[in-house]
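> Next comes the sequence, and after it the predicted model I'd like to discuss.
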Amino acid sequence: MIVIQESLCKGCGLCVKNCPTGAIGVTDKIARLLGPACTSCGICMRICPASAILRDDSSPDGAASCRACPVQCAIQPGFEGACRRYTNINGTLVRNRALVTNNDYAGHLYPEVPDRPLITAVGAGTEYPCCKPAPHIVTATIKNIEVVTVVTEAPLSYSGIKVKIDANAHIGVEGARVFRDGAVIGMVDTEEYGAKMLSIGGANILSGKYGFIAARTIVGLANGERVVLQVEKGSKLDIAVGQPPVIDGMTERKMRVGCGSATIGMFAAALSKVVDEAIILDYHVIGLLSEHRAGEEVGMAYSGVIPNGRKSTRGRYFGELGHGWGGTDIACPLEAVKMVDMSLARPGMQILVTETTGQKAGLLEVQPSGVVVEIPLTAEIQAVVDLIAANCEEARVSAIYVGGTGGSARAGVTSYPIKLSQAVHEGEVKLTIGGAPTYVLPGGGINFMVDVEKVVAKAFSWVATPATVAPVEYTMTRDTFEKIGGHTQSIKSLAAIKQDV
Amino acid sequence: MIENSKPGIVRLDYGPMQLTISAQDDHGPMTPIVEQAAHYAMEILTEVAGHKKIAASPQRELGVSKDWPEVLLQMITAVKRSGDKTLTPMAAVAGTIADLTADWLQLHGATKAIVNNGGDIAVRLTGAQTTTVGIAPAIGRKPTHALALTADAGVGGIATSGLGGRSFTKGIATAAVVAAARASVADACATSLGNVTYVEHPAVKLAWAEQLDPNTDIRGHRVVEQVGLLPPAVVEQALHNGWSQAAQLYKTGLIMGAAIFIQQRVVMIPENFVTEIC
């Protein structure tokens, strides 16, 4: 249960703002629990700047202990958990929303439009200014339906590239600037699962002081060239799409199987057979086997080992980011243990320390004095570490080119550009880039994303406006083409075009 | 050479090691046990001597072996946990021998055991037992400060590193004193803190470690040979270097306190870690 120590409370009300169930109020400048809505989720305890809130092991009478996530709320009858998803109905926790079986938006709306263009725009060239029809407007009959593909190599001043770097190593804080040869060409974007993200280019950088080098970088990366970048107060990145990333001179080989807690969750049974305790180091969450719910599930009890991190929930700890094991600042197995509570631990206990990639591993042994020493890994423990490693994907660099097709790239199709935009959003017109499928962002404009590795090789270039040039293809039925006001006078047959090639 | 001066206290002079061992249980001094502990300490030193080469290796060259004695494993643990990659396991040898001897005494029933290995002290207190450790501002000087300990404090070791001691320092501190749960960790961290108190100044004379001792474990490292009179700003800078590192170690919980002495000045963490003796 949550206990508020009134003598320490400063009445700031941060707990009131953060409490997910509205269970805390401030009266007479002191935070107080308002009734049975509190689930002991611990948010108040974790955010209280005065450390005035504690949680003891007790639970209110009649409360049901939720096991749907590591928070383990104690939910009183009639009330919901901190997530508002489960309700205690007469002692049973029930998901308070019925299973939804259908989504009306699902399914293909225009199956008659082929997924691939009749020709790609790679090598098509550009017609300038915008009012001229696109370089090629091609028609052919596919499955008894006449299809039109319009192609152009479009200079896009609204363009950039999102680079995904599969890596555990900390490369720099989100928002940090990214330099190439001293020029600012982008920034570190929000992290994705197992991967660091860079956002490079974009209209403002392209039209700014470093636009040319930014355009060269976007195109270089999109075409699979090797590029060296420097993150502000962070790492030096030596990257090429499709290749493992080299971060500060170290090649990242494996992508983590999950965070430290997830790794414990997946391999608890195998780990529990070979060691008394396991610490899985990870920059996001460090897992501690015996204390973790998964450890309990396979019959373990908390060992007394205290790992080097801030406790989040049971068996889950936060570490410091760094260049050590698992992307933490821990440089060796011995640093992974803060201390051992010898009232719980027994001498001879063996602690495995490894990473979420299973690339590095060490074994520690608890001495009678509570000191841990490093001992050699046994073959059976190494086998479990290898099992973790075998379940990790190869770390690689990938990239998504992001662009917006505005004026020139639309007027070459139709005299009513908005009709093209609407038809693309509707799905009647399929947009491909160098033959590769795109994802068109919702809302206005034709803002698309494309996996550069699915685009025809070396398909991107840049012009000195500066803008990057992308091969843009619009494919639709002839009926749609006419309906949106397409330049029908410029249509040529696919056979005729192929003859010229 | 084992010398029994007072009940429950033994002085051991054995090669490079000078130990003062004392122990008592609820009935009083444990003289025969303390004498046995002295023999045990000599055995440990012999074990270290048998693995001298590994003990003097840089951390990055250390492997892991089943055949290594506990003393060596604990020395490795201490230097690695200090986070200071420049230390070899030898940086924790004195504290580790003190620890193991004190552990042995505790195992044999001592409720209070103190093993002083040339300034690196292991303390084991149980129940209501207390002790006070004198802290000297420089090696060979009389204590000016004191650290009072109870069983609850969790301090198992106090170590001092500084200029003019048995081992080299890369800094100008006359004493870097550290308290930790184990003397081995205190020893390694004291060495590390002493080393960071370096500031470049013409009055700070450096030498290669092997020039001063051909058998050193830190060949190729520059150590401080002599320090002349320094301007206050230089002393402050050196103190600050030491304090910053100490604050880092204190924050992680690895050490329970540190005091750094340079030319009549002292800084410490936490505040009032040691108290001045009137």
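It's in. Residues are numbered from 1 along each chain as shown, chains lettered A, B, ... in the order given.
> mean confidence for stretch B:212-223?
Rounded to a whole number, the mean pLDDT of stretch B:212-223 is 83.
> Alpha carbons of that stretch, as CSV, please.
Written as CSV, here are the backbone C-alpha positions of stretch B:212-223 (Å, rounded to 0.1, in the frame of the first residue of the first chain):
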residue,chain,number,x,y,z
LEU,B,212,62.4,4.4,-8.6
ASP,B,213,61.7,0.7,-8.4
PRO,B,214,62.7,-1.8,-11.1
ASN,B,215,60.2,-4.3,-9.7
THR,B,216,57.2,-2.0,-10.0
ASP,B,217,53.8,-3.2,-11.3
ILE,B,218,53.3,0.1,-13.2
ARG,B,219,56.3,0.2,-15.6
GLY,B,220,56.0,3.1,-18.0
HIS,B,221,53.8,5.1,-15.7
ARG,B,222,54.9,8.6,-14.5
VAL,B,223,54.7,8.9,-10.7
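> how many neighbours does residue 235 have?
Just going to use chain A. 24 (other Cβ atoms under 10 Å in any protein chain shown). The way it works is simple: take the backbone N, C-alpha and C, and place the C-beta from them, glycine included.
> that's the wrong chain, I wanted chain B
For B:Val235, the neighbour count with other Cβ under 10 Å is 20.
> got it, and the one 10 residues further on?
Close neighbours of B:Gln245, defined as other Cβ under 10 Å, add up to 21.
> can you tell me the helix or strand for it?
In the assignment (DSSP states H and E), B:Gln245 maps to helix B:232-252.
> and that helix, average pLDDT?
Helix B:232-252 shows an average pLDDT of 93 in the prediction.
> got the contact list for stretch B:219-228?
If you take Cβ atoms under 8 Å, 6 or more residues apart in numbering or on different chains as the criterion, stretch B:219-228 is touched by B:86, B:163, B:168-172, B:198, B:203-210, B:212.
> Same check on stretch B:34-44?
Here stretch B:34-44 makes contact (Cβ under 8 Å, 6+ apart) with B:2, B:4, B:8-10, B:12, B:14, B:17, B:19, B:21-23, B:69, B:71, B:97, B:100-101, B:104-105, B:108, B:115.
> and if we set it to 7 Å?
When contacts are defined by Cβ atoms under 7 Å, 6 or more residues apart in numbering or on different chains, stretch B:34-44 is touched by residues B:2, B:4, B:8-10, B:12, B:14, B:19, B:21-23, B:71, B:97, B:100-101, B:104-105.
> How about stretch A:250-267?
Residues outside stretch A:250-267 that contact it (Cβ under 7 Å, 6+ apart) are A:166-169, A:194, A:244-245, A:278, A:280-282, A:284-287, A:289, A:292, A:294-295, A:315-316, A:326, A:356-357, A:359, A:384, A:387-389, A:391-395.
> buried ones in it?
Across stretch A:250-267, burial judged by 16 or more other Cβ atoms under 10 Å in any protein chain shown covers A:252, A:254-267.
> what's the burial count for the nearest residue to A:Asp329 once chain neighbours are set aside?
Spatial nearest neighbour of A:Asp329, chain neighbours left out: A:Gly322 (3.1 Å); criterion: Cβ to Cβ, 6 or more residues apart in numbering or on different chains. A:Gly322: 15 surrounding residues under other Cβ under 10 Å.
> next one: B:Ala258
By the measure other Cβ under 10 Å, the count of residues near B:Ala258 is 27.
> And chain A, is stretch B:152-169 touching that?
No. Contact of stretch B:152-169 with chain A (Cβ under 7 Å from any Cβ of the partner chain) is absent, the minimum separation being 8.5 Å.
> Keeping just the C-alphas, turn that stretch into PDB.
C-alpha atoms of stretch B:152-169 as PDB (Å, rounded to 0.1, in the frame of the first residue of the first chain):
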ATOM      1  CA  ASP B 152      25.700  -0.500  11.700                       C
ATOM      2  CA  ALA B 153      27.800   1.900   9.600                       C
ATOM      3  CA  GLY B 154      28.700  -0.900   7.200                       C
ATOM      4  CA  VAL B 155      32.300   0.200   6.900                       C
ATOM      5  CA  GLY B 156      34.600  -2.800   6.600                       C
ATOM      6  CA  GLY B 157      37.700  -1.000   5.400                       C
ATOM      7  CA  ILE B 158      39.600   2.300   5.600                       C
ATOM      8  CA  ALA B 159      42.600   2.800   3.400                       C
ATOM      9  CA  THR B 160      45.100   5.600   2.800                       C
ATOM     10  CA  SER B 161      47.200   6.300  -0.200                       C
ATOM     11  CA  GLY B 162      49.600   9.200  -0.700                       C
ATOM     12  CA  LEU B 163      53.000  10.600  -1.200                       C
ATOM     13  CA  GLY B 164      55.800   8.800   0.700                       C
ATOM     14  CA  GLY B 165      53.900   5.600   1.300                       C
ATOM     15  CA  ARG B 166      55.000   2.100   0.400                       C
ATOM     16  CA  SER B 167      53.600   2.400  -3.100                       C
ATOM     17  CA  PHE B 168      53.800   5.100  -5.700                       C
ATOM     18  CA  THR B 169      51.200   7.700  -6.400                       C
END
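> For stretch A:50-58, which outside residues touch it?
Identification of contacts with stretch A:50-58 by Cβ under 7 Å, 6+ apart yields A:1-5, A:8-10, A:15, A:40, A:42, A:44-45.
> circling back to that earlier point, from the contacts of stretch A:250-267, which land in helices?
Residues of those located in helices (DSSP state H): A:294-295, A:384, A:387-389.
> Could you pull up the residues touching the nearest residue to A:Val372 once chain neighbours are set aside?
Distances taken as Cβ to Cβ, 6+ apart place A:Leu364 nearest to A:Val372, at 4.4 Å, with adjacent residues excluded. A:Leu364 sits next to A:333-334, A:337, A:351, A:353, A:372-374 when contact means Cβ under 7 Å, 6+ apart.
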